[in-house]
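Peer 1: quick check, what structure comes out for this input:
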Amino acid sequence: MQNLLQSVVANIDEYVEIRYHKRIETIIDARSGALRKVERRTLAGAGVRSLVDGCWGFVSTTDVSKEGLQNAVSEALQAAKAGAPLRDEKVSLAPARFGRGTFTYYDDSREPDISEKIQYILAAEKRMREASPLVEGSIVHYLQYEDEKIIVTSHGASVHINDNKPSFRVTATVLRDGKRETATKSQGVTGGWDSLIAKRDISELVDTAVELAVKKLDAEYAKGGQYTVILDPKLVGILSHEAIGHTVEADFVLSGSIVRDKLGQKVASDLVTLVDDGQVEGAAGMVLVDDEGVLGERTVIIDKGVLKSYLHNRESAHIFGASPHGNARAFTYRDEPIIRMTNTFIMPGKSDLKEMIAGIDNGFFLIDLAHGGQADSSAEFMFGVAEAYKIKNGNLNGLVKGVTISGQAFDVLMSVDAVSSDFQMDTGAGHCGKWQPAKVDGGGPYLRCQVTVGGRHEE
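Peer 2: I've put the predicted structure just below:
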């Protein structure tokens, strides 16, 4: 297939990019004592882009024969030529370091068959129901994307990629005396089944979810206000991705995000260094070569508090005079590559977590995202918190519930006065939803900072 794509691209004067993508998606879902869903779907085809006189043309096809690909290239060139006279701002592409050869992200020889995975999921769901007599609802969900990509461009990229991104999500619902609480735990990786299990066995996820849901039945509601808090690595990852990362994607910068024209300016505490890096082995956003054939590299977005870089594809990199680092990504062959994050995280510091807690007289220790939050191009955000503990006089002082946090993300980063030496990447079970889904990951150390805590009271 790689030789076929190279033969189709050869001897074409204009820029042409062919991306063959085959995806096998597996879903196993068990809930409330029953196997509700087992799906295994295959999607395969090629996306073809051409650039003529500063205008893109894009065509997707399921016909990956030589004739079918040649027809797709011809159609993409015709579309670009037709659109070029109508386009005022002409597209140019920055130079890049291109991938060549084979990139394998996991060992597929150790992958169990689907029947073994089903039995594992059913056993985990049964464990959840038996973990407490209070369990009313139980969900164990497994999702896997097994991808093969071949990307060839007329600028010299030629890669064969084998990728696998599995994830677990478990949700426990408990009921007592008319009160109902829910807790969800999840994890995702790039790698095989063994890598997913090695990160954290699903029995640990199940037990933790049930335990938290039961504890929430007796928890008080938090009192809102402005507090010093400690964010755990998951919340740091969510903040890094949702509230900071999207503002520095170059297409959003060009549309007027809050960081436009702020390169070189101080935007965070000196303790904060934030990066995006598709080369983090095993992280769910691992992208060694992007969908323009560009090699993945680390981008230092904030360096010791100073905004240093945006995230680019080749088009935006030309506009800003920057180098692309592998952030052009497409979800399927039917999608055009757009600027996306990969693994976005804050680098660890030197503080001890216990000492960070001891330094708070009245605040909260906050763990994990409870439900979908929101953030915008001004870096204003609001997130629900899954697990929150009061801190009184330097000591953890009981679970509270109903907690949200909000603020302006750069103000929050400016308030950081301690960054732990602990580090974890752990947001890989979900997707980023910018126009098309993408598997991403995030994380970091524990951060001590200032946020607005929203709470509510029982009626």
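Peer 1: now the nearest residue to Leu271 once chain neighbours are set aside: which helix or strand?
Peer 2: Distances taken as Cβ to Cβ, 6 or more residues apart in numbering put Val419 closest to Leu271, at 4.7 Å, once the chain neighbours are dropped. Every residue, glycine included, has its C-beta placed from N, CA and C. Counting by DSSP states H and E, the element that carries Val419 is strand 418-419.
Peer 1: could you list the paired strands of that strand along with their orientation?
Peer 2: Each strand paired with strand 418-419, and its direction, by DSSP bridges: strand 447-454 (antiparallel).
Peer 1: what comes into contact with the strand it pairs with?
Peer 2: 222, 224-231, 236, 346, 351, 356, 359-360, 364, 382, 403-407, 411-413, 415-420 (Cβ atoms under 8 Å, 6 or more residues apart in numbering).
Peer 1: let me know how buried Ala328 is, in neighbour terms.
Peer 2: With neighbours defined by other Cβ atoms under 10 Å, the count for Ala328 comes to 25.
Peer 1: please disregard the earlier target; I meant Phe345.
Peer 2: Each residue near Phe345 was counted by other Cβ under 10 Å, and the total is 29.
Peer 1: now do it against His241, distance only.
Peer 2: 9 Å (Cβ to Cβ, to the nearest Å).
Peer 1: shared neighbours of the two, anything?
Peer 2: With Cβ under 8 Å, 6+ apart as the test, Phe345 and His241 both reach Gly442.
Peer 1: spatially nearest residue to the most centrally placed residue in the chain (excluding sequence neighbours)?
Peer 2: Taking Cα atoms, centre = their mean as the criterion, Val440 is the residue nearest the geometric centre of the chain, at 2.0 Å. With Cβ to Cβ, 6+ apart as the criterion, Val440 has its nearest non-adjacent residue at 4.2 Å, and that residue is Gly285.
Peer 1: tell me which helix or strand of the chain sits lowest on mean pLDDT?
Peer 2: strand 374-375 (a mean of 85; mean pLDDT, DSSP states H and E).
Peer 1: quick one, phi/psi of the closest residue to Leu122 other than its chain neighbours?
Peer 2: Excluding its sequence neighbours, the residue lying closest to Leu122 (Cβ to Cβ, 6+ apart) is Ala30, at 5.4 Å. Backbone torsions of Ala30, given as degrees, to the nearest 10, read phi -120, psi 140.
Peer 1: beta partners of Ala30?
Peer 2: Counting by DSSP bridges, Ala30 is bridged to Leu35, Val140.
Peer 1: identify the residues contacting it.
Peer 2: Counting by Cβ under 8 Å, 6+ apart, Ala30 touches Arg36, Ile121, Leu122, Ala124, Glu125, Ser138, Ile139, Val140.
Peer 1: again with Val9
Peer 2: With Cβ under 8 Å, 6+ apart, Val9 has these contacts: Val16, Ile18, Val73, Val152, Thr153, Ser154.
Peer 1: now the helix or strand where the first one lies: average pLDDT?
Peer 2: I take that to be Val16. Val16 is part of strand 15-31 when elements are defined by DSSP H and E. In this model, strand 15-31 has a mean pLDDT of 98.
Peer 1: what about that strand, distance to the chain center?
Peer 2: Distance of strand 15-31 from its chain centroid, counting by Cα atoms, centre = their mean, to the nearest Å, is 16 Å.
Peer 1: now it - C-alpha only, CSV.
Peer 2: Output in CSV follows, covering the C-alpha atoms of strand 15-31 (Å, rounded to 0.1, in the frame of the first residue of the first chain):
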residue,chain,number,x,y,z
TYR,A,15,1.3,19.5,-3.4
VAL,A,16,-0.6,16.3,-2.8
GLU,A,17,-1.1,14.4,0.4
ILE,A,18,-2.7,10.9,0.6
ARG,A,19,-3.7,9.4,4.0
TYR,A,20,-4.9,5.8,4.0
HIS,A,21,-6.6,5.0,7.3
LYS,A,22,-8.1,1.8,8.5
ARG,A,23,-9.7,1.8,12.0
ILE,A,24,-11.1,-1.2,13.9
GLU,A,25,-13.3,0.1,16.7
THR,A,26,-14.3,-2.3,19.5
ILE,A,27,-16.9,-1.5,22.1
ILE,A,28,-17.8,-3.8,25.0
ASP,A,29,-20.5,-2.5,27.5
ALA,A,30,-21.8,-4.3,30.5
ARG,A,31,-24.3,-2.8,32.9
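Peer 1: ok, which stretches of this structure are helices?
Peer 2: 2-9, 66-83, 114-131, 193-199, 202-217, 233-238, 250-254, 314-320, 353-358, 409-414 (DSSP state H).
Peer 1: okay, those helices, which one's buried deepest?
Peer 2: Ranked by average neighbour count under the criterion mean count of other Cβ atoms under 10 Å, those are headed by helix 233-238 at a mean of 26.
Peer 1: so what does that one touch, helix or strand wise?
Peer 2: strand 343-346, strand 362-369, strand 380-392, strand 424-425, strand 441-444 (3 or more Cβ pairs under 8 Å, 6 or more residues apart in numbering; DSSP states H and E).
Peer 1: turn these into JSON lines, columns for distance to Arg97.
Peer 2: Listed next are the helices and strands packed on helix 233-238 as JSON lines, based on distance: least, Cβ to Cβ, whole Å:
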{"stretch": "strand 343-346", "distance to Arg97": "19"}
{"stretch": "strand 362-369", "distance to Arg97": "35"}
{"stretch": "strand 380-392", "distance to Arg97": "34"}
{"stretch": "strand 424-425", "distance to Arg97": "24"}
{"stretch": "strand 441-444", "distance to Arg97": "23"}
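Peer 1: Thr182: which of those is closest?
Peer 2: Among the helices and strands packed on helix 233-238, strand 380-392 comes nearest to Thr182, with 9.7 Å by Cβ to Cβ.
Peer 1: contacts for the least confident helix or strand of the chain?
Peer 2: With Cβ under 8 Å, 6+ apart, strand 374-375 has contacts from Glu242, Ala243, His246, Phe381, Met382, Ala409.
Peer 1: what about 7 Å?
Peer 2: Strand 374-375 is contacted from outside by Glu242, Ala243, His246, Phe381, Met382, using Cβ atoms under 7 Å, 6 or more residues apart in numbering.
Peer 1: using neighbour counts, trim these to the buried set.
Peer 2: Taking 16 or more other Cβ atoms under 10 Å as the criterion, what is buried in the contacts of strand 374-375 is Glu242, Ala243, His246, Phe381.
Peer 1: okay, now the residue nearest to Pro437 when sequence neighbours are not counted: neighbour count?
Peer 2: The shortest distance from Pro437 to any non-neighbouring residue, by Cβ to Cβ, 6+ apart, is to His431 (4.2 Å). Burial of His431 is recorded as 16 neighbouring residues (other Cβ under 10 Å).
Peer 1: how close does His431 sit to Ala198?
Peer 2: The gap separating His431 from Ala198 is 22 Å, by Cβ to Cβ.
Peer 1: next: Pro112.
Peer 2: Pro112 is 14 Å from Ala198, by Cβ to Cβ.
Peer 1: what's the answer for Arg23, then?
Peer 2: 24 Å.
Peer 1: now Thr247
Peer 2: If you go by Cβ to Cβ, the gap between Thr247 and Ala198 works out to 34 Å.
Peer 1: good, wrapping up.
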